[in-house]
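In: got a sequence here, can you build the structure:
(one chain, ligands or ions: 1)
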Amino acid sequence: MTGTDPYVPGHGDASYDVLHYDLRLDYKPDGNRLDAEATLRCRAVDDLTRMRIDLHDLRVARVTVNGRAPARYTHRGGALAIWLADQIGAGGELDVRVKYSGKPSVLRTRTLGDAGWEELTDGVIVAAQPHGAPTWFPCNDRPDNKASYDFTVSAPTGYHVAMSGEPVDTTPRGSSVVWRYRQDAPMATYLATCQIGRYAVIEQDGPVPLRVVAPTDVAGDGFDATFGRQPEMLRFFESVFGPYPFACYTTVITDDDLEIPLESQSLSTFGRNFCADSWDTVRLVAHELAHQWFGNAVTLRRWQDIWLHEGFACYAEWLWSEESGDDSADERARHYYDRLADKDEDLVLADPGPELMFDDRVYKRGALTLHALRAEIGSEAFFGLLQSWVKENTGGSVTTEDFVAHCQQETGRSLTGLFDAWLFQTDLPELP
Ligand SMILES: [Zn+2]
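Out: Numbering: from 1, shown residues only. Model (predicted):
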């Protein structure tokens, strides 16, 4: 019952998988009060007598397993440990229901910083990467355990609720509105999100429903130059990466400024400070959208492989730069290569360590690795293997070794030298 990933120690239990989460949340922004019930449809990987569920700081009122009380349970240190009344054999399924409540807040750790449920001036965001999912729902917090989700969220009338999934319906109930969402595509726990604020919806025209959920006064030049171009970005990324992998895409723009934006599954969160016409805001709008392919549809199995998300999303920024008539991808690559060459060369891209997993060098060196690969094998082969990578792994979990093997198989070439230099050595290789 120990944690499963050394980058996020203490989270996750490899002895079972969650297949489906049914989350029912009743939230009052005034006082930050959450009353909730979660039902986890689980499948035992091993013979199961005891299981561990991640849930931080919230108070557990009741636990049932297949409708009955378990032999016993304890909840301390972020771990809900449940001793089953009867053993469940490997492959057997069980429903675990947890009733809980409290005042959710971010989970703060020394190496990974803050993540999770975060109160805004008037509303909420959940920015859970990598360890914040247990701040708002009981879960098996492993990136490689993807599941489907049903969300039922009650919030006071006047608030808009956006979740990482497709809207199902809304129903008024007294002084509240009940919002239902569904995510059928397999989703990692950290990619689930809940966003509540006083927002209106701007519909955009795209190959899937595109919605911007934002305060009513965000429209203007900065908006047009950034979020206004999302339909074009989405069509362009479909042309280079393959079909958009989810049923819809929602962009939440909070009334509060945010330090950084963040991707969730089929949803990204920005502060209103990102409505500004500059490369540094445009690139992030492209970056978060590209994560829908790289990170959300195709997700790392271990956090050490974070470059498979950030390097790819960063490279997508450079591709959009060229497509939109700004600097070419090659110019961007050479610019950032020069900047990287001035920094310490003490980072192993394929295993940077938890302290450096979101270091800017992971993003830039990751993107440069892809640019070097493209120079080595040619653009046609490069984009072909990106598309087949997405197609073959959508809904799944991958490692760096999987990507290297995929490239070698698709090209019929040994690319060991190139990948070894960029991914496994600290010195910055020459850019071809
Ligand atoms: Zn990113």
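
In: domains of this protein: list them as residue ranges, please.
Out: As assigned by automatic domain parsing, the chain contains the domains 1-193, 199-292, 299-424.

In: and of these, who's closest to the ion?
Out: Smallest distance to the ion across the domains of the chain (C-beta to the ion): 4.6 Å, for domain 299-424. C-betas here are computed from N, CA, C, even on glycine.

In: just to revisit the earlier point, figure out which of the domains of the chain is closest to residue 431.
Out: Closest to residue 431 of the domains of the chain is domain 299-424 (C-beta to C-beta; 4.8 Å).

In: distance from the closest one to the middle of the chain?
Out: 18 Å (C-alpha atoms, centre = their mean, to the nearest Å).

In: quick one: mean pLDDT over it.
Out: The average pLDDT for domain 299-424 rounds to 98.

In: for residue 114, see how far away residue 363 is.
Out: Look at residue 363 and residue 114: by C-beta to C-beta, to the nearest Å, they are 20 Å apart.

In: oh sorry, the question was meant for residue 306
Out: According to C-beta to C-beta, residue 306 and residue 114 sit 17 Å apart.

In: more neighbours, the two?
Out: A direct count of neighbours by other C-beta atoms under 10 Å for residue 306 and residue 114 places residue 306 higher, at 28 against 14.

In: can you give me the pLDDT of residue 220?
Out: 86.

In: now tabulate the domains of the chain in TSV and tack on distance to residue 430.
Out: Output for those, formatted as TSV (distance: least, C-beta to C-beta, whole Å):
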stretch	distance to residue 430
domain 1-193	30
domain 199-292	25
domain 299-424	9
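
In: which residues sit in contact with the residue lying closest to residue 408 once chain neighbours are set aside?
Out: Spatially, and ignoring its direct neighbours in sequence, residue 408 is nearest to residue 415 (5.5 Å; C-beta to C-beta, 6 or more residues apart in numbering). Contact partners of residue 415, counting by C-beta atoms under 8 Å, 6 or more residues apart in numbering, are 373, 376-377, 404, 407-408.

In: from the structure, what's the count of residues near residue 356?
Out: Residues contacting residue 356 under the criterion other C-beta under 10 Å number 17.

In: backbone dihedrals for the nearest residue to it once chain neighbours are set aside, please?
Out: Nearest non-adjacent residue to residue 356, counting by C-beta to C-beta, 6+ apart: residue 347, 5.8 Å away. Main-chain dihedrals, residue 347, degrees, to the nearest 10: phi -120, psi 130.

In: what sits against residue 347?
Out: Taking C-beta under 8 Å, 6+ apart, we find residue 347 in contact with 356, 359, 361-362, 365, 426.

In: redo these as CSV? Include distance to residue 277 and secondary structure.
Out: Output for the contacts of residue 347, formatted as CSV (distance: C-beta to C-beta, whole Å; DSSP: H, G, I helix; E, B strand; the rest coil):
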residue, distance to residue 277, secondary structure
356, 32, helix
359, 28, coil
361, 28, helix
362, 28, helix
365, 28, helix
426, 38, coil
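
In: buried among these? Make that a ChimeraX selection.
Out: This is the ChimeraX syntax for the buried subset of these, where burial follows 16 or more other C-beta atoms under 10 Å:
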select :356,359,361,362,365
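
In: report the strands that pair with the host helix or strand of residue 38, each with its relative direction.
Out: For residue 38, the host element (DSSP states H and E) is strand 33-44. Here strand 33-44 has these sheet partners by DSSP bridges: strand 16-28 (antiparallel), strand 93-102 (antiparallel).

In: got the contact list for the following helix or strand past that strand?
Out: Next in sequence after strand 33-44, counting helices and strands by DSSP H and E, comes strand 48-54. Outside strand 48-54, the residues that touch it by C-beta under 8 Å, 6+ apart are 1, 11-13, 15-16, 40, 42, 78-84, 87-90, 92, 94, 96, 98, 133-134, 138-141.

In: and the buried ones among the residues you listed, selectable in ChimeraX?
Out: To isolate the buried ones among the contacts of strand 48-54 in ChimeraX, judged by 16+ other C-beta under 10 Å, type:
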select :11,12,13,15,16,40,42,78,79,80,81,82,84,88,94,96,98,133,134,138,139,140,141
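
In: give me the subset of the contacts of strand 48-54 lying in strands.
Out: Within these, residues falling in strands by DSSP state E are 16, 40, 42, 79-84, 87-88, 94, 96, 98.

In: not counting sequence-adjacent ones, nearest residue to residue 361?
Out: In space, residue 361 is closest to residue 347, 5.2 Å off (C-beta to C-beta, 6+ apart).

In: would you mind measuring from the one you found to residue 382?
Out: Going from residue 347 to residue 382 by C-beta to C-beta gives 24 Å.

In: over to residue 297?
Out: 19 Å.

In: for those two, indicate the residue with more neighbours.
Out: Comparing residue 297 with residue 382 by other C-beta under 10 Å, the one with more neighbours is residue 297, at 25 against 20.

In: how much space between the more buried one and the ion?
Out: 14 Å (C-beta to the ion, to the nearest Å).

In: does that residue touch residue 242 like I think?
Out: No - using C-beta atoms under 8 Å, residue 297 is not in contact with residue 242, being 9.6 Å away.

In: what do these two both touch?
Out: Common contacts of residue 297 and residue 242 (C-beta under 8 Å, 6+ apart): residue 390.

In: which residues does residue 63 bridge with?
Out: Applying DSSP bridges to residue 63 gives these bridge partners: residue 98.

In: about what we covered before: relative to residue 315, how far out is the residue nearest to residue 408?
Out: 17 Å.

In: number of nearby residues for residue 319?
Out: 22.

In: that one - that's part of a strand, no?
Out: No - under DSSP: H, G, I helix; E, B strand; the rest coil, residue 319 sits outside any strand and is assigned helix.

In: how about the residues of the stretch 301-432 of the chain by the ion?
Out: 310, 313 (C-beta under 5 Å from the ion).
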